[in-house]
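1. got a structure for you, letters missing:
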């Protein structure tokens, strides 16, 4: 589904991502991990079109997408979430999901606004799909609550639901369990499994290694923008270079952004 070859991104003399190559197969859940500053979020920004690579190739379903605008990348079926939830906080849960459906189907917005033929029917279908999604995510009971009043875990789940409104073939989840309690983390892990079961391939950046071990089929490990390991969660957990990278970061006592 996704083939990345020699992907490189440099900012001046600093290589945030350096000669990175990997593949993601349809139906997989793939984790992208590494110490803070390893380049994980930069990789997601390159894949989703928010950054242009300095060089290298990104092929999605056989088509080159490197450098495409994010809306064109999303239209092809590659959609990402962000570390911080991008909700309309003063709007209700249902209004957020309706907005996500409208953004994914721009022609319907014009039909609705200008009362063109089919506009009313399109609005009805979108509302039905929104309610169906809330039901699948166990959120129908909070549809009329203000989004930012929800617990952190439910806000994250709502953000994932909104991304799914674009019908992604590959969903990039950027730190989906950040700041969550153990119970909330378990709910997101179950949600990831359900999303994969419904046919969406998933790639995630995650710091919680319990999530990586429990949710991922395969793991890619970065350090200073370079791939240092790839394999099953069990294999990378035993890799001496991976252990050294994590221990070295912990002993340095600092956090590098990225």
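-> Great, that's in hand. On a predicted model such as this, the values are computed, not experimentally measured, just so you know.

2. so where's this protein shaky on pLDDT?
-> 83-86, 88-89, 104-121, 247-258 (pLDDT under 70).

3. repeat the analysis, applying 50 as the threshold.
-> 107-116, 250-258 (pLDDT under 50).

4. please parse it into its domains.
-> The chain breaks down into these domains under automatic domain parsing: 2-83+155-252, 91-145.

5. highest mean neighbour count out of the ones you listed?
-> domain 2-83+155-252 (a mean of 18; mean count of other Cβ atoms under 10 Å). (Each C-beta comes from the backbone N, C-alpha and C, glycine too.)

6. which residues touch the helix or strand where residue 161 lies?
-> Residue 161 is located in helix 152-164, with elements delineated by DSSP states H and E. Helix 152-164 is contacted by residues 79-82, 85-87, 93, 96-97, 99-100, 133-134, 137, 139, 142, 147-148, 150, 171, 173, 176-177, 179-181, 183-185, 187-188, 191, 195, 200 when judged by Cβ atoms under 8 Å, 6 or more residues apart in numbering.

7. how about 6 Å then?
-> Helix 152-164 has contacts (Cβ atoms under 6 Å, 6 or more residues apart in numbering) with 79, 81, 85, 100, 133, 137, 179, 180, 184.

8. which member of those is positioned nearest residue 125?
-> Of all the contacts of helix 152-164, residue 125 sits closest to residue 133, with 12.7 Å by Cβ to Cβ.

9. do I have it right that residue 7 meets residue 57?
-> No. Shown here, residue 7 and residue 57 do not form a contact pair, counting by Cβ atoms under 6 Å, at 7.3 Å.

10. can you give me the strands in the stretch 1-150 of the chain?
-> In the stretch 1-150 of the chain, the strands defined using DSSP state E, counting those that start in this stretch lie at 2-11, 14-24, 29-33, 55-60, 63-64, 78-80.

11. does anything pack onto the longest helix anywhere in the chain? Which helices or strands?
-> If you go by DSSP state H, the chain has its longest helix at helix 119-136. Counting contacts by 3 or more Cβ pairs under 6 Å, 6 or more residues apart in numbering; DSSP states H and E, helix 119-136 is packed against helix 93-104, helix 106-113.

12. circling back to that earlier point, how far off helix 93-104 does the helix holding residue 161 point, in degrees?
-> Per axes from the mean of the first three to the mean of the last three Cα atoms, to 10 degrees, the angle that helix 152-164 makes with helix 93-104 is 30 degrees.

13. helix 152-164 to helix 119-136, inter-axis angle?
-> On the basis of the same axes, to 10 degrees, helix 152-164 is oriented at 140 degrees to helix 119-136.

14. and whichever helix or strand comes after helix 152-164, how far from the chain's centre?
-> Counting by DSSP H and E, the element after helix 152-164 in chain order, helix or strand, is strand 170-174. Chain-centre distance of strand 170-174: 2 Å, with Cα atoms, centre = their mean, to the nearest Å.

15. tell me which helix or strand comes right after strand 170-174.
-> Sequence-wise, the next helix or strand downstream of strand 170-174 (DSSP H and E) is helix 182-197.

16. tell me which helix or strand comes right after that next one.
-> Next helix or strand after helix 182-197 toward the C-terminus (DSSP H and E): strand 201-205.

17. next one: that next one to chain centre, how far?
-> Centroid displacement of strand 201-205 relative to its chain, using Cα atoms, centre = their mean, is 6 Å.

18. repeat for stretch 42-49
-> Put simply, stretch 42-49 sits 10 Å off its chain's centre (Cα atoms, centre = their mean).
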